[in-house]
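K.L.:
Here's a sequence, model it:
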Amino acid sequence: MTILEDAKNGNVNKEMLHVAEIERIDIKQVLKKISKGEAVIMKRENYNPVGIGFPFRTKINVNLGTSS
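P.N.:
Predicted coordinates:
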């Protein structure tokens, strides 16, 4: 299962627990934000998981332009 699928089913996994502990946020809020698509957890091999989006500390801001 993916982290999103776990969150939508109400299942807490180790990545969510880690992010909730590091960010000092209630696990219920982590589940709610991920299941709604308002936040994500980036999981990479050999690195700790990182929560991205509101209410986590890490945010991403992109100014995407196009040219012909």
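K.L.:
Every contact and neighbour count from this point should use C-alpha atoms.
P.N.:
OK.
K.L.:
May I see the buried residues of the helix or strand residue 17 falls within?
P.N.:
Applying DSSP states H and E as the criterion places residue 17 in helix 14-23. Within helix 14-23, the residues that count as buried by 16 or more other Cα atoms under 10 Å are 15-20, 23.
K.L.:
Only C-alpha atoms, please: export that helix in CSV.
P.N.:
Taking C-alpha atoms only, helix 14-23 is exported to CSV below (Å, rounded to 0.1, in the frame of the first residue of the first chain):
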residue,chain,number,x,y,z
LYS,A,14,5.9,4.1,10.4
GLU,A,15,6.5,7.1,8.1
MET,A,16,3.4,8.9,9.4
LEU,A,17,4.4,8.2,13.0
HIS,A,18,7.9,9.5,12.3
VAL,A,19,6.7,12.7,10.7
ALA,A,20,4.1,13.3,13.4
GLU,A,21,6.8,12.9,16.1
ILE,A,22,9.4,15.2,14.3
GLU,A,23,6.8,17.9,13.5
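K.L.:
Show me what that helix is packed against.
P.N.:
Contact analysis of helix 14-23 by 3 or more Cα pairs under 8 Å, 6 or more residues apart in numbering; DSSP states H and E lists helix 27-36, strand 39-42 as its packing neighbours.
K.L.:
Could you dump these into TSV and include mean pLDDT and mean neighbour count?
P.N.:
Listed next are the helices and strands packed on helix 14-23 as TSV, based on pLDDT from 0 to 100; neighbours: other Cα atoms under 10 Å:
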stretch	mean pLDDT	mean neighbour count
helix 27-36	94	18
strand 39-42	93	18
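K.L.:
May I see these arranged in JSON lines, with distance to residue 68 as well?
P.N.:
Shown next, in JSON lines, are the helices and strands packed on helix 14-23 (distance: least, Cα to Cα, whole Å):
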{"stretch": "helix 27-36", "distance to residue 68": "35"}
{"stretch": "strand 39-42", "distance to residue 68": "32"}
